[in-house]
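Enquirer: 3D, please:
(chains A, B, C, D, E and F)
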Number of protein chains: 6
Amino acid sequence: MTDFSRLDGRAVDEMRPVRITRGFTSNPAGSVLVEFGNTRVMCTASVEEGVPRFKKDSGEGWLTAEYAMLPSATHERMARESMKGKVKGRTHEISRLVGRSLRAAVDLSQLGENTIQLDCDVLQADGGTRTASITGAYVALADAITVLKERGVVPGEPLLAPVAAVSAGIIDGHVCLDLPYEEDSRAEVDLNVVMQEGGNFVEIQGTGEHGLFGREQLGQMLDVAQQGCEELIAAQKAALGW
Amino acid sequence: MTDFSRLDGRAVDEMRPVRITRGFTSNPAGSVLVEFGNTRVMCTASVEEGVPRFKKDSGEGWLTAEYAMLPSATHERMARESMKGKVKGRTHEISRLVGRSLRAAVDLSQLGENTIQLDCDVLQADGGTRTASITGAYVALADAITVLKERGVVPGEPLLAPVAAVSAGIIDGHVCLDLPYEEDSRAEVDLNVVMQEGGNFVEIQGTGEHGLFGREQLGQMLDVAQQGCEELIAAQKAALGW
Amino acid sequence: MTDFSRLDGRAVDEMRPVRITRGFTSNPAGSVLVEFGNTRVMCTASVEEGVPRFKKDSGEGWLTAEYAMLPSATHERMARESMKGKVKGRTHEISRLVGRSLRAAVDLSQLGENTIQLDCDVLQADGGTRTASITGAYVALADAITVLKERGVVPGEPLLAPVAAVSAGIIDGHVCLDLPYEEDSRAEVDLNVVMQEGGNFVEIQGTGEHGLFGREQLGQMLDVAQQGCEELIAAQKAALGW
Amino acid sequence: MTDFSRLDGRAVDEMRPVRITRGFTSNPAGSVLVEFGNTRVMCTASVEEGVPRFKKDSGEGWLTAEYAMLPSATHERMARESMKGKVKGRTHEISRLVGRSLRAAVDLSQLGENTIQLDCDVLQADGGTRTASITGAYVALADAITVLKERGVVPGEPLLAPVAAVSAGIIDGHVCLDLPYEEDSRAEVDLNVVMQEGGNFVEIQGTGEHGLFGREQLGQMLDVAQQGCEELIAAQKAALGW
Amino acid sequence: MTDFSRLDGRAVDEMRPVRITRGFTSNPAGSVLVEFGNTRVMCTASVEEGVPRFKKDSGEGWLTAEYAMLPSATHERMARESMKGKVKGRTHEISRLVGRSLRAAVDLSQLGENTIQLDCDVLQADGGTRTASITGAYVALADAITVLKERGVVPGEPLLAPVAAVSAGIIDGHVCLDLPYEEDSRAEVDLNVVMQEGGNFVEIQGTGEHGLFGREQLGQMLDVAQQGCEELIAAQKAALGW
Amino acid sequence: MTDFSRLDGRAVDEMRPVRITRGFTSNPAGSVLVEFGNTRVMCTASVEEGVPRFKKDSGEGWLTAEYAMLPSATHERMARESMKGKVKGRTHEISRLVGRSLRAAVDLSQLGENTIQLDCDVLQADGGTRTASITGAYVALADAITVLKERGVVPGEPLLAPVAAVSAGIIDGHVCLDLPYEEDSRAEVDLNVVMQEGGNFVEIQGTGEHGLFGREQLGQMLDVAQQGCEELIAAQKAALGW
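Expert: Residues are numbered from 1 along each chain as shown, chains lettered A, B, ... in the order given. Next up is the predicted model:
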C-alpha cells in the first residue's frame, strides 16, 4: 500500500541485532557491553559499603546511575564535559532516567546498607543510547548482586524481575521500533518505554518535537515497544543463563 | 464504594483552583503569575534580537526556557543553585521540558530571527510546578508575541494553539488529577501530560517509582489529564480575553 | 530658583510610595513583599537549627543573607547566575551588605544555636533594590522570630530595634532621596544609608563614580536619608502592627 | 585624661610607616610595592590594546582592577581561591572598590581605546589591605600612563589628581586612624575613605558591625581620615618625584 | 643469584602481551583499542577543520590530546570528573604528555590548517595507562591522516616515524619493564620513556617517590625501556600493515 | 671553535645569579624569596595540625604544594586562574612536581600527624620558575620544621638532606644550564632535574618538543644539571647558615 521502507531494511517492528556481553571488564562487580546495532554502551555496576546521607540508618540500600558519552562516540566529536566543567542537561536527564528505571529492578530493603553505582558509558552512539543503557545495566546489576551475595554482604534477595527499555517513533507517519540516529533525528514523535517483565511500565516518555500525537498513535507505539521489550528481556535472560 | 478521599476534599478528577494573572511585572514583554492552588510560578517571556549560532541565517527564530525554584519556595529551604555553582539535574530536566513544550506552541519560521526566552521562577511550591510553568508560559508567550508584532519585529503569525500541562497520578490505587506536594510524594505513579488544544499530546512522561502501571491505568490517567488540560486551556483563553 | 524637577514629580526629599506585605508566601517562617515604587523584592526569613562551624558551641546563633535578581527583573533580561555557574561581584557585595545590616537588628546571644537565613529575591528592579531588601528583611526577620518564639526554640529576646535603608544621591547638583533606576544611572554621587531606629548608622556607603563629593554635600545627603529611614521605620512598624 | 593607648604606641591620628617602592617588578608597565606598616601589597598596572565590549567604538578607554590575597599572606593560611574554583564575596567587593576608586583618577576619554588592568596582590596582610591597594595602585597607574605616552599609544592626558585611601575606626570609644589587623578585628566601627587631592571624597564606606555610630562620630572619623589621606598623597607624590 | 620473581612470571625485561585493534569504533577518523596486558585504552583521532586561535593564519595544523579514565576502570570506582566539575591534576598532566608526545609524530607544517584531536579513554586500568595511550594514539593518528589524505584535505605528508612509550621501574632493587598496577604502586622509582623509531627520546620522566636513583640505575632503566619501545614500534607497524 | 654565545654572556654551564632571602614575610612558619636571575618566587611553608583523610591515624605527617603565577608576573599579563574558575594543566603539573620533590626532603614518619603546605607564588617570571620554586621551598621547609620543633609539635627529625632543582637544555645544538625565558622558548630540548645532596635524582623530566635527543645528549645535560644542583645546594646551606 505504502512504499515506506527503512534504510537498514528492517521491518517497522523489528529490533536491530542485540548483543549482550558479560564480563566486558574485570574491575567492577558487574560489567556488560550492550549493543543495539551500532550503538555500544559499557554498563558497569560497582558496589560501595554505606549509603548516602538521606538513607543513613534506614536499613535499606541505594542505587544510583551515571550516563555519559565518550567524546568520540558521536559522528561529530563532542567536547568532553569534564573539560568544560559543565554537565549537559541531556546527560543529567538520562542519568536520572537510568537510576529511576533500575531502582524498579531492585528491592532496596533487601540490599542492606550498600550502594550500587551504575555507570553507562557510550562507546559508540547510533540512537537508542538511553534504552540500551537501561537494558545493559540490568545485566550488570544482576552480576553485581551475585557477587555481593557471594561475599555475604547482602542479607536478602534484592534482585527483581528484568527491566528493559526500547524506543519507538513515528517516521513519515509510520510507527517504527528501535530508531537509529538517522531515524531518530527526523522522527515526528519519539517514545521511550521502560518495561518490566510481565508487561507493566516503569516509565514512558513520549515527545513530539516535530509533531503531535494522538491516543491511537500512542497505543500503536506502545504495542511495538512492548514487543521490543519482551525480546530484550529474553536476550537479558539468555545472557544471564536463566 | 471505597472510602478514599483527598486531603483537600477535591474529587479525584478535579483541578485545584487555577488563577492566571497577566502583567504581573512590567519589564518583560510577557509576565504572568500562574497559580495551581498553593503552587505559584512567575512566568515571563523576554525577547532578544538574533538567534543562537545553530540557527544563524536560517531565517527562523528560536525559543528556550529556564525553570528555577526560589530557595524559600519549598517547605524546607533549598540551597541556591547559583551559590553552589551547580544546577541540579531536576532543574535542567524541567527547563528542557518547558522549552520543548512551548516550542510546540510557536511556528519558528514565522518568528523572524528573534529569540524568545521563557523564565519560570517558582515563588511557592506545592506540587505541579512544571505543569503550572508550562501553562503559565503559554500566556506569557502570547503576550510577548503581541508586543513583538506591535513593534513590527515579527514578520508572520508565530503563535499556535494553546498548550497546557497537568499531572495525574495513582494514589492508593486511585487515579487522581493535579497532585499537590503531599500526594505527589506518596503517589505510586506520576504522569505529566502536555497537550495542545484539540486533544493531541505534545509530551507525556509517566514514572512509577513506587509502583508499576499497566495499559489500563495509563488510559485512565490520560483521561483525567486530558480533561484537566481542557480546563486549563479554557482558563488560558479566558485570561487572554479570547 | 532652579527649575530642577524629578521625572516622577516627587519633591527632592520625598520617598516613592512604600508598601510592605507580610505573609506573601507561606513556607518560610517570615515572608514579605516590599515595594519602593516599582521596585519589588520578596524577602524571606528561614530558620535552621544549628549554626555554621565558626559559631559551633558558642551558645549564639547566626544570621546570613543572600540577595539575587530574577533574570527578568530588569529592563533587559540578565543571564541567570546559576546557569553561568558564576555569581557576580555585585550580587556578593549586596548579599554581604544585607547580612551585616540585619545582624545589627538581632542579638545573636539571645537566639540560641539557630541560624536565620534571609533571602531577598528581586522580582522587579527599578533602583534601590538593596535598600528595599534591607527594609523588607527586617519585617521578615521579626515574623520569623515570632514563629521561633512560639515554637519555644528561642530562649531570649533576640529582636532589636528596626533597621531600614534608603538611597540618596546628587543629580544635576541636587540632593535627592530614594533614586529610581533612571536617576541612579546618571547620579553624580550615590549614597546608601542603613540606619537603626533612633538615628544611628549601621552602615553608610557613598560612591562618586561620576563626580566627587565634599563634606557639605555628604551632610545634605545624610539629612534626607535620615528622614527617609524614619519614614521607612514607621512603615515597618505599621506593617508589624506595633 | 583617658589611659587609652595603641598597641604599637602610635597616636590615635598617626599613620603607620608608609613606604612606596616603584619598579618592584619589571614586566608590567607599572609595578609598585606599597607598605602600610606590616601590610605589603604588590600593585601593578598592565596595559592592553582594546576595550571590553561595552566600551567598543566609544573612543574611550577602560580601567579595571583585581585584588587578591596570597594564601600565605594571613596569620592562618587561607585556601587558594583558584583551587576552590570560587572567588570569595570579600575579594569581589574589594576588587570592585579598587576599580571604582582608580577610575576617579583617570580621564577615560583621554586614554584612547586602551584598557588598564590593575592587580593588587597582598603579600602580607596586617589590616588596611584595601586602602594600601588603592594608594599603591595610583602610583602604578601613573607609571603605566607614562609608559603609554612614551610609546605614543595615548592621545591625551588621562592621569588626574592623586587618589589615596585610609581606614579609620572606633576602638573602645576612641577614634583611631589606619587600623592594623589586631585593632580592625575588635573595632566597633570601621570606615574606609577614598579621597582625591583637594579633599573631596571618591568613596566612603562605614560599617558598624560591633556597634552603631552617630553623625558626630562620623565627623571625627572623617577628620582623621582626611588628614591620613593627605599624608598618603604626599607620599605618592614624593615617590613619583612630583 | 637472587630469587626475585615477578607476580605474573615475566622476565624483568619482558613486556606484557600487547594487542592493537584498529577500527575499534567507526565514527572517529582513527579508532584503536590498545592493550598492555589488562590495561585497555580506547584511542581515537578526530579531525576538525581550522586551528586554535594561536595558530590562525600560520598555514600549519595543530594536534591536541585528552586522556581520561572511565569511573569504573580502576579497582575501586573513582568519582566522575565531569560530575565533580573538576579535572584532577593527574589527568591534566597525562593529557599534556600525550599531546606533546604525539606532536613529535606529526609535521604540523604538512597538515594544513586542520586540528587533530586525540582522545585516550581508559576502559580498564592496570598500570601503564599513559604509555599505552601514547602507543595506541600513534596508530589512531596514522589512520586519521590516511582518511584526511583520501578526502584531499591534507596537502602534504604530515605523518612522521612511529612514537611509542613504555614504563620501567625499580622494584626491590631490580630494574623491571612495563609495570602493572601492583608493581607500580610499590616501585621505588618509576620512569616513563617516550621514544621515536630510531632510538631518540621524545620525553623521559623519572620519579623516585619511594627512593632516589643514580646515573647507573637510570642507564639500566633506559636500556630496558628502549628495548620495550622497539617491540612496541614493531607492534604498531604490524597493526598498520607496514 | 663555534661562535655560540648566550644573550646574557654566561658560559653554557653557568648559573644565573642566585639569591635566597629568608624571612621574606612573617606570617608563615617559613618564608623565602628565591631569585634565579630575574625569576623571583615567594616560597612559604605553613603548618596545620592534622593530616588529610588518606593519612588519618597513620602516625605520619603529610606535605603538599601549590604553585601559581601572579597575573602580572609574565611579560604579557595572564588571566587570573581564580577569576576564570579554572586552574591550568601547567599549574597542576608543576604543583604536583614541587610536592613530589619536597616529599623526598622530609621523613613523614618523623613529622607527627601534621601537614606542611608549601606555596610557591611567582612574582616575576623569566624561565626556571619550577626549579627556583623547588630550590626555595626546601629552605622554607627547613625554617618551618625548626619552628615546629621549637613549638614541640614535631616528635622526631623529619628534615632530610637538601633538594634542589635546575633546568638544562639544548640550544642550537649546545647544552646550556639554567635557561631564562628567551632561551627556554626556543630550546630544542628542555630537561628539569631535581637532585638531592649526594648526587642522586629525585626526578628528571626531559622533553623534546622542538627536537629529539639521544643518550649522549641526555648525559651531557645531566652533567651540567648535576653541577648546577650542587651550586644551588651550597647556596641553600649558606642561606641556612649550615
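Enquirer: what helix or strand is the residue of chain A found nearest chain C on?
Expert: Residue nearest to chain C within chain A (C-beta to the nearest C-beta): A:Lys86, separated by 6.8 Å. Backbone N, C-alpha and C define where each C-beta goes, glycine included. A:Lys86 belongs to no helix or strand when assigned by DSSP states H and E.
Enquirer: That one reaches C:Gly85, doesn't it?
Expert: Yes - counting by C-beta atoms under 8 Å, A:Lys86 touches C:Gly85, with 6.8 Å between them.
Enquirer: what about the strands in chain A?
Expert: A:18-22, A:30-36, A:39-49, A:62-69, A:114-124, A:163-171, A:174-177, A:189-196, A:201-207 (DSSP state E).
Enquirer: can you tell which of those strands is closest to E:Glu209?
Expert: Of all those, it is strand A:39-49 that lies closest to E:Glu209, at 27.9 Å by C-beta to C-beta.
Enquirer: Quick check: the residue in chain A positioned nearest to chain F vs C:Lys86, distance?
Expert: The minimum distance from chain A to chain F, using C-beta to the nearest C-beta, falls at A:Gly85 (6.7 Å). According to C-beta to C-beta, to the nearest Å, A:Gly85 and C:Lys86 sit 11 Å apart.
Enquirer: Give me the common contacts of the two.
Expert: F:Gly85 (C-beta atoms under 8 Å, 6 or more residues apart in numbering or on different chains).
Enquirer: Report the beta-bridge partner residues of A:Leu191.
Expert: A:Leu191 has the following beta-bridge partners by DSSP bridges: A:Ala168, A:Gly206.
Enquirer: And for A:Gln227, the neighbour number?
Expert: Using other C-beta atoms under 10 Å in any protein chain shown, A:Gln227 has 16 neighbouring residues.
Enquirer: Please name the nearest non-neighbouring residue to it.
Expert: Distances taken as C-beta to C-beta, 6 or more residues apart in numbering or on different chains place A:Asp13 nearest to A:Gln227, at 6.3 Å, with adjacent residues excluded.
Enquirer: quick one: contacts for whichever residue of chain A sits closest to chain D?
Expert: Closest residue of chain A to chain D, C-beta to the nearest C-beta: A:Gly85 (8.2 Å). A:Gly85 makes contact with C:85, E:85-87, F:85-86, according to C-beta under 8 Å, 6+ apart.
Enquirer: And the residues you listed, which is closest to chain B?
Expert: Closest to chain B, out of all of the contacts of A:Gly85 and judged by C-beta to the nearest C-beta, is C:Gly85, at 5.3 Å.
Enquirer: Local confidence estimate at that closest one?
Expert: pLDDT for C:Gly85: 83.
Enquirer: How about the one 5 residues further on?
Expert: Per-residue confidence for C:Arg90 comes out at a pLDDT of 93.
Enquirer: Touching, it and D:Arg96? I think so.
Expert: Yes - applying C-beta under 8 Å as the test, C:Arg90 and D:Arg96 come out as touching, 7.4 Å apart.
Enquirer: Looking at those two, which has the bigger crowd around it?
Expert: Counted by other C-beta under 10 Å, C:Arg90 and D:Arg96 do not tie: D:Arg96 has more neighbours, with 19 against 14.
Enquirer: The nearest residue to that one once chain neighbours are set aside: how many residues sit nearby?
Expert: With C-beta to C-beta, 6+ apart as the criterion, D:Arg96 has its nearest non-adjacent residue at 5.1 Å, and that residue is C:Gly89. Neighbourhood size, C:Gly89 [other C-beta under 10 Å]: 17.
Enquirer: bridging residues for A:Tyr67?
Expert: Here A:Tyr67, judged by DSSP bridges, has bridge partners A:Cys120.
Enquirer: tally of neighbours for it?
Expert: Number of residues near A:Tyr67 (other C-beta under 10 Å) recorded here: 26.
Enquirer: For B:Ser26, see how far away it is.
Expert: Applying C-beta to C-beta, the value for A:Tyr67 to B:Ser26 is 42 Å.
Enquirer: hmm, the worst-scoring helix or strand of chain A on mean pLDDT touching chain E?
Expert: Within chain A, no helix or strand scores below helix A:81-84, which has a mean of 90 by mean pLDDT, DSSP states H and E. Yes - Helix A:81-84 lies within reach of chain E by C-beta under 8 Å from any C-beta of the partner chain, at A:81-83.
Enquirer: between the residues you listed, which has the most around it?
Expert: In terms of neighbours by other C-beta under 10 Å, the residues of helix A:81-84 next to chain E top out with A:Ser82 at 22 neighbours.
Enquirer: surely that residue meets E:Ser82?
Expert: Yes - with contact defined as C-beta under 8 Å, A:Ser82 and E:Ser82 form a contacting pair (4.1 Å).
Enquirer: overlap in contacts of the two?
Expert: Counting by C-beta under 8 Å, 6+ apart, A:Ser82 and E:Ser82 have no contacts in common.
Enquirer: Give me the buried stretch members for stretch A:186-205, please.
Expert: Applying a neighbour-count criterion of 16 or more other C-beta atoms under 10 Å in any protein chain shown, one finds A:187-197, A:200-205 buried in stretch A:186-205.
Enquirer: what's the answer for stretch A:229-240, then?
Expert: For stretch A:229-240, a neighbour-count test (16+ other C-beta under 10 Å) marks A:229-233, A:235-236, A:239 as buried.
Enquirer: repeat for stretch A:55-65
Expert: For stretch A:55-65, by 16+ other C-beta under 10 Å, it's A:60-65.
Enquirer: Quick one: name the residues of chain A near chain F.
Expert: A:Gly85.
Enquirer: Would you mind listing where chain A has pLDDT under the threshold?
Expert: Within chain A, the segments meeting pLDDT under 70 span A:1-2.
Enquirer: so what's the most centrally placed residue in it closest to, chain neighbours aside?
Expert: What sits nearest the mean C-alpha location of chain A, by C-alpha atoms, centre = their mean, is A:Ile134, with 1.7 Å. Distances taken as C-beta to C-beta, 6+ apart place A:Ala165 nearest to A:Ile134, at 3.9 Å, with adjacent residues excluded.
Enquirer: Just confirm that neighbour contacts A:Gln196, I think it does.
Expert: No - counting by C-beta under 8 Å, A:Ala165 does not reach A:Gln196; the two are 10.4 Å apart.
Enquirer: partners of the closest residue to A:Ala235 other than its chain neighbours in the sheet?
Expert: Excluding the flanking residues, the one nearest A:Ala235 by C-beta to C-beta, 6+ apart is A:Val18, at 5.0 Å. Here A:Val18 sits in beta bridges with A:Phe36, as judged by DSSP bridges.
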